[in-house]
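**Q** Sequence below, structure please.
(one chain, ligands or ions: 1)
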Amino acid sequence: MTGLLGDTPQRDYTEKLRLFNAFARPELREAIDALSMPAGSCVLDAGCGTGESVRWFHESMHGHGMVVGMDLATAHVRAARGTAPARASTVQGDMLRPPFVDGAFDLVWAVNALNHLRDPAAGVRVLSNLLRPGGRIVVGQSSLVPDMYFAWDARLEKCVNDAVRVYYRERYGGSEHEFTAVRSLAGWLHRTGLHDVRVRTQMIERTQPLAEADERYLLECIFRGTWGERLRKYMAAEDFEELTRLCSPDDERYALRRGDFHFLQSLTVSVGTK
Ligand SMILES: C[S@@+](CC[C@H](N)C(=O)[O-])C[C@H]1O[C@@H](n2cnc3c(N)ncnc32)[C@H](O)[C@@H]1O
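**A** The predicted structure follows:
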């Protein structure tokens, strides 16, 4: 069955995942290092995408540990096999039916992955079963707080966010309630009977000068991939025209060249212990 956001084994958004991980690398690495995984630990990255976090966990344990990536999509698994170190393993599988025995892992990490499930709370339950007693599950989710793109124009930014929401609802047919279910991630950990549930939100924050990875992610994934022509029919003509100019590198109003460009994206990490 297709996931809430259209995921299937055939789906491929490898390039988008690579750009996101290059962009959010400092914050993701910090979150991974903060877990202080002891050498020799067994870690599962559920919904590992292109495998960057698999590599970062491996580095965080100085190469002394077992890191396994699991993803539904054939193309993502192939990409992850190229990214992850040779000692890590990457398997293709559905996180709701993982091909592992219960209690096999010291830590399960799932970032921006459970929100792709129609029943994310079931995902937490299934993944928690893979933990040994005392093991931890870490569920990460970006953008629980709306992103800030246009610091100088909150009205236009709201129009864009509203248009994106309507586009996604039309494209995937989910309800607003389903798309926002992930806001309850801390509650799922509690309800699953996990202990010592902690949550921390950090901001991914970028101002000028932007690094190349920041500009590529914002331009290619957001301005062109998430927005672009597809939003035209959901916005007033003059707003869409202004958006198009802000998103065009050849235009004098290009947002990513403005001195007052200031981007904010939240990254929430919730940790529970079995
Ligand atoms: C937004 S991406 C996040 C990838 C990665 N965690 C990251 O932070 O870059 C979501 C990933 O979850 C995978 N996925 C979606 N549904 C899945 C499922 N039921 N089982 C395993 N992986 C799934 C997708 O193929 C995709 O690679």
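
**Q** In the stretch 151-274 of the chain, what residue spans correspond to helices?
**A** With helices called from DSSP state H, counting those that start in this stretch, the stretch 151-274 of the chain shows them at 154-172, 176-179, 185-191, 212-216, 237-246.

**Q** and the shortest one, how far from the chain's centre?
**A** Put simply, helix 176-179 sits 17 Å off its chain's centre (C-alpha atoms, centre = their mean, to the nearest Å).

**Q** Quick one: mean pLDDT for that helix?
**A** Mean per-residue pLDDT for helix 176-179: 82.

**Q** Return the set of buried residues in that helix.
**A** 178, 179 (16 or more other C-beta atoms under 10 Å). The C-beta positions use only the backbone N, C-alpha and C, and glycine is treated the same way.

**Q** how about it as PDB, C-alpha atoms only?
**A** Output in PDB follows, covering the C-alpha atoms of helix 176-179 (Å, rounded to 0.1, in the frame of the first residue of the first chain):
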ATOM      1  CA  GLU A 176      -5.200  17.900   7.100                       C
ATOM      2  CA  HIS A 177      -5.500  15.700  10.300                       C
ATOM      3  CA  GLU A 178      -3.400  12.900   8.700                       C
ATOM      4  CA  PHE A 179      -0.800  15.400   7.400                       C
END
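
**Q** what's that helix packed up against?
**A** helix 154-172 (3 or more C-beta pairs under 8 Å, 6 or more residues apart in numbering; DSSP states H and E).

**Q** So which of the helices of the stretch 151-274 of the chain is nearest the ligand?
**A** Closest approach to the ligand among the helices of the stretch 151-274 of the chain is made by helix 154-172 (12.8 Å; C-beta to the nearest ligand atom).

**Q** so of the helices of the stretch 151-274 of the chain, which one's packed in deepest?
**A** helix 185-191 (a mean of 18; mean count of other C-beta atoms under 10 Å).

**Q** Touching that helix from outside, list them.
**A** Helix 185-191 is contacted from outside by 114, 120-121, 124, 137, 139, 141, 197, 199, 268, 270-272, using C-beta atoms under 8 Å, 6 or more residues apart in numbering.

**Q** Same question for stretch 86-102.
**A** Stretch 86-102 is contacted from outside by 9, 44, 46-48, 51, 54-55, 58, 63, 66-74, 77, 80-81, 84, 110, 113, 117, 119, 122-123, 126-127, 129-130, using C-beta under 8 Å, 6+ apart.

**Q** Dump that stretch to CSV, restricted to CA.
**A** Presented in CSV, the C-alpha positions along stretch 86-102 are these (Å, rounded to 0.1, in the frame of the first residue of the first chain):
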residue,chain,number,x,y,z
ALA,A,86,31.5,-0.9,3.8
ARG,A,87,31.0,-2.3,7.3
ALA,A,88,27.5,-1.0,7.5
SER,A,89,24.6,-2.9,5.9
THR,A,90,21.6,-1.6,4.1
VAL,A,91,18.5,-3.6,3.6
GLN,A,92,15.3,-3.0,1.7
GLY,A,93,12.3,-3.4,3.9
ASP,A,94,9.1,-1.9,5.2
MET,A,95,9.5,-0.4,8.7
LEU,A,96,6.1,-1.7,9.6
ARG,A,97,7.4,-5.3,8.9
PRO,A,98,11.1,-5.1,9.6
PRO,A,99,13.2,-8.1,8.8
PHE,A,100,14.9,-8.2,12.3
VAL,A,101,14.3,-10.1,15.5
ASP,A,102,12.8,-8.3,18.5
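
**Q** and it, average pLDDT?
**A** pLDDT averaged over stretch 86-102 gives 95.

**Q** Can you mark which positions in it are buried?
**A** 88, 90, 91, 92, 93, 94, 95, 96, 98, 100.

**Q** tell me the two of those that are most distant?
**A** Spatially, the most separated pair among those is 88 and 96, at 22.4 Å (C-beta to C-beta).
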